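1. no FASTA, just this:
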C-alpha cells in the first residue's frame, strides 16, 4: 500500500500524464504538462525509483553544480499536485516523466496505486505524433478511449487500433482494466518540421484538455509563442519552392476533408470556448487559476500522418531544418492525400522515432504515429504516439530526442 505524507485530501482530482520519448513528437505533450505544473505551481510529492524502470545508457543522468557542489539528476517520473481555484476548486495530479525502458506493467501499476490512494476520478494521458498535416492549419487533436460508455458520454473516439504501442497505450489499457476512466489526447505534428519545441501543438493539447475537464487553463505566453513558431516555419518554407508546393498540397487536402466540419461542430466549440473565457470559467479566480485566456484552435498547425509513405518520401534539408519531399518518390496519382486520418502507433526500436499522425495513439487522420519515420496512433480515431523509441539515441535524462513520429495506438 502506498502511503502519502503531506498530501491533503483532494477535490475531484483528475490525473494528467505525459511521457517524453516515443509518444511525444515535438515535445508537445510533456511541454503541456510542464506548463500546467509551472503556471499552477505544482508541488512534487512523489517520484518513482529510476533504478526500477530506466536504462541509464539510454536515458543518461545529468550532472550539475549547486553552490559549488556537484549533484546528479536521475531520469525518472515525478508526480505533483496543483489546486485550481475558482468558484468550484478542483485538484489535478500531474505525472511527468520519460517512457520507461523496462517493467512497463509494474510501472503502470505503481501509477495506478497513486491514483487509487488519491481518489483520482479520471486519467487523461497526453501524446503527440507526426502526421501529414500542414503547419498553417489548426492542429488536429484526437480524443481516444477504450471505454464505449465513456466514448459516448464525452464524445470521444473508441480505439480500435491494432499494432505496436507505447507507454501511453499501455497505461490507458491498464486504467481501463482497473476500472479507472481513462482518455488519451493526441496532437498531430507536421512531419516536415518535427523538431521541438512545437508551442502550437502544445497549445492545441491544452485547449482540448480545457474542454475535456471543464477548467480554464492560463496559457501565459503560449499563444504568442505559437504565432512566432508558425511565422518562422512560414519563412523557412517560403525559401524552398519544393517545400512550399508540398505544404500547399497538404493545405488543399486538409481544407477539402474538413470543409463540412468548419461550419459545424468546430465553430460551435470555438464559440463556447470564447464565451467561457469571456465570462470567466473555473480556474480564473486569482491565484493559480488566473492567466490569459486560452487562444482558439484556429491558427494552430494541422496534424497529419507520420512521416508519409513507407520509406519516408522526405529528405532533411540541413540548411533550413525542414523535411523536404523527395523527387520522384511518388508515381503520378500516388501523392499523399493529406493529413493522416487517425492515430496509429508503432514502437520506435531505435529510440529516434516519434509516432506519426497515423499512429495508434494520436494520428489526426487515423494513420499510425511514427517517431523518426513511424506513424501515428490508431486509425480509428486514436492518435499516434510521437515519442521516440526507448532511448536508442542515448540522450540524457530524458525522453525522446527526436519526435519524428511513429505508429502508435491512441487507445
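-> Received, thanks. For clarity, every value in this text was computed on a predicted model and none was experimentally measured.

2. what distance separates the start and the end of stretch 151-159?
-> 9 Å (CA to CA, to the nearest Å).

3. could we number from 15 for the rest of this?
-> From this message on, residue numbering opens at 15, which makes the last subject stretch 165-173.

4. any idea of the mean pLDDT in that stretch?
-> In this model, stretch 165-173 carries a mean pLDDT of 87.

5. now swap in stretch 196-204 and tell me
-> 95.

6. What of stretch 67-76?
-> Stretch 67-76 shows a mean pLDDT of 94.

7. Next, the buried residues of that stretch.
-> By neighbour count on 16 or more other CB atoms under 10 Å, the buried set for stretch 67-76 is 67, 68, 72, 73, 74. Bear in mind the C-beta positions are built from the backbone N, C-alpha and C, glycine included.

8. number of nearby residues for residue 195?
-> Burial measure for residue 195: 18 neighbouring residues, criterion other CB atoms under 10 Å.

9. quick one: the helices in this structure?
-> 42-53, 64-67, 118-132, 162-168, 181-191, 213-227, 236-252, 255-276, 279-293 (DSSP state H).

10. weakest of the ones you listed by average pLDDT?
-> helix 279-293 (a mean of 61).

11. Which member of the buried residues of stretch 67-76 is positioned nearest residue 169?
-> Minimum distance to residue 169 across the buried residues of stretch 67-76 is 34.4 Å, recorded for residue 67 (CB to CB).

12. so who does the closest one touch?
-> Shown in contact with residue 67 (CB atoms under 8 Å, 6 or more residues apart in numbering): 90, 91, 114, 115, 116, 117, 120, 121.

13. change it to 6 Å
-> 114, 117, 121 (CB atoms under 6 Å, 6 or more residues apart in numbering).

14. Verify the contact between the last one and residue 114 for me.
-> Yes. Judged on CB atoms under 6 Å, residue 121 makes contact with residue 114 at a distance of 4.8 Å.

15. Out of the contacts of residue 67, which end up buried?
-> Among the contacts of residue 67, those classed as buried by 16+ other CB under 10 Å are 114, 121.

16. Need the pLDDT of residue 146.
-> 88.

17. ditto for residue 298
-> The per-residue pLDDT reported for residue 298 equals 45.

18. Looking at the helices of the chain, spot the one closest to residue 96.
-> Going by CB to CB, the one of these nearest residue 96 is helix 42-53, 6.9 Å.

19. which strands and helices sit next to that closest one?
-> The contact analysis (3 or more CB pairs under 6 Å, 6 or more residues apart in numbering; DSSP states H and E) places helix 42-53 against strand 28-34, strand 104-112, strand 136-145, helix 213-227.

20. how deep is residue 191 tucked in, by neighbour count?
-> 12.

21. now residue 259
-> Look at residue 259: counted by other CB under 10 Å, it has 11 neighbours.

22. How about residue 116?
-> 12.

23. got it, and residue 245?
-> Using other CB under 10 Å: residue 245 sits among 10 other residues.

24. returning to that earlier point: among the helices and strands packed on helix 42-53, pick out the one with the most neighbours on average.
-> Comparing those by mean neighbour count (mean count of other CB atoms under 10 Å), strand 136-145 comes out on top with a mean of 39.

25. any idea of the angle that strand forms with helix 118-132?
-> With axes from the mean of the first three to the mean of the last three CA atoms, to 10 degrees defining the directions, strand 136-145 sits at 140 degrees from helix 118-132.

26. before we move on, the earlier item: next, format the helices of the chain as JSON lines and append distance to residue 175.
-> What follows is the helices of the chain, written out as JSON lines (distance: least, CB to CB, whole Å):
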{"stretch": "helix 42-53", "distance to residue 175": "18"}
{"stretch": "helix 64-67", "distance to residue 175": "24"}
{"stretch": "helix 118-132", "distance to residue 175": "17"}
{"stretch": "helix 162-168", "distance to residue 175": "14"}
{"stretch": "helix 181-191", "distance to residue 175": "8"}
{"stretch": "helix 213-227", "distance to residue 175": "19"}
{"stretch": "helix 236-252", "distance to residue 175": "29"}
{"stretch": "helix 255-276", "distance to residue 175": "20"}
{"stretch": "helix 279-293", "distance to residue 175": "23"}
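
27. Residue 201 is nearest to which of these?
-> Smallest distance to residue 201 across those (CB to CB): 4.4 Å, for helix 213-227.

28. Out of the contacts of residue 67, which is nearest to residue 191?
-> Distances from residue 191 to the contacts of residue 67, taken by CB to CB, are shortest for residue 121, at 14.7 Å.

29. now that closest one: how far from residue 202?
-> Applying CB to CB, to the nearest Å, the value for residue 121 to residue 202 is 26 Å.
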